[in-house]
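# The sequence and its predicted three-dimensional model are supplied below.
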Amino acid sequence: MRRVEQGVHRAVVSHLRHRGMPGLVWFHVPNGAKLGGKMNRKGIAIQGAIMKSLGVRAGVSDLILLYKGLAYALELKAPGGSTTENQDQFIADWNNAGGIGFVAEGLDRAIRILEGWQMLRGTTFF
């Protein structure tokens, strides 16, 4: 499932790179990356603890986008994938703070959302 989800991510990023509207700012949040390195005496990854102390939050959506003064969050899932409790909480918090956040299951849904937000030039669906 993880590799399928990575494929969805790569395809969405390709659409953003090639079809993104002028003025669109976006980035991928690498929260799911595994941090290696040294462990403390309790077996906790030191780099992970440092990142948490600097404000890394579990559940942050995969893509954060800013367009025409609005902030968007898009959580990408493979077909049949589901969100975690932390991801659901982040989307709820984002929306409650005035952002626009959604979960997209599969590439087609992700592209439809981005086209609906008018962030992509042209359309892939008729």
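Looks like it came in fine.

# Go through the protein and flag its longest strand.
Ordering each strand of the chain by length in residues (DSSP state E) puts strand 70-77 first.

# how distant is that strand from the center of its chain?
Relative to its chain's centre, strand 70-77 lies at 6 Å (C-alpha atoms, centre = their mean, to the nearest Å).

# list the helices and strands it packs on?
helix 2-19, strand 63-67, helix 85-96, strand 100-105, helix 107-116 (3 or more C-beta pairs under 8 Å, 6 or more residues apart in numbering; DSSP states H and E). (Glycine included, C-beta is placed from N, CA and C.)

# Quick check: buried residues in that strand?
In terms of neighbour count (16 or more other C-beta atoms under 10 Å), strand 70-77 has its buried residues at Tyr72, Ala73, Leu74, Glu75, Leu76, Lys77.

# Then stretch 79-96?
Quick answer for stretch 79-96 (16+ other C-beta under 10 Å): Gly81, Thr83, Gln87, Phe90, Ile91, Trp94.

# do stretch 15-31 as well
Buried residues in stretch 15-31 (16+ other C-beta under 10 Å): His15, Leu16, Arg19, Gly20, Leu24, Trp26, Val29, Asn31.

# pull the CA atoms of it into PDB?
What follows is stretch 15-31, C-alpha atoms only, in PDB (Å, rounded to 0.1, in the frame of the first residue of the first chain):
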ATOM      1  CA  HIS A  15       0.500  17.600 -12.200                       C
ATOM      2  CA  LEU A  16       1.400  20.500  -9.900                       C
ATOM      3  CA  ARG A  17       4.800  21.000 -11.500                       C
ATOM      4  CA  HIS A  18       3.500  20.900 -15.100                       C
ATOM      5  CA  ARG A  19       0.000  22.300 -14.700                       C
ATOM      6  CA  GLY A  20       0.100  24.500 -11.600                       C
ATOM      7  CA  MET A  21      -1.300  27.900 -12.000                       C
ATOM      8  CA  PRO A  22       1.000  31.000 -11.800                       C
ATOM      9  CA  GLY A  23       1.100  32.200  -8.200                       C
ATOM     10  CA  LEU A  24       0.500  28.800  -6.700                       C
ATOM     11  CA  VAL A  25       2.900  28.000  -3.900                       C
ATOM     12  CA  TRP A  26       2.900  24.400  -2.600                       C
ATOM     13  CA  PHE A  27       5.200  21.900  -0.800                       C
ATOM     14  CA  HIS A  28       5.200  18.400   0.400                       C
ATOM     15  CA  VAL A  29       5.400  17.800   4.200                       C
ATOM     16  CA  PRO A  30       7.900  15.000   4.900                       C
ATOM     17  CA  ASN A  31       6.400  14.100   8.300                       C
END
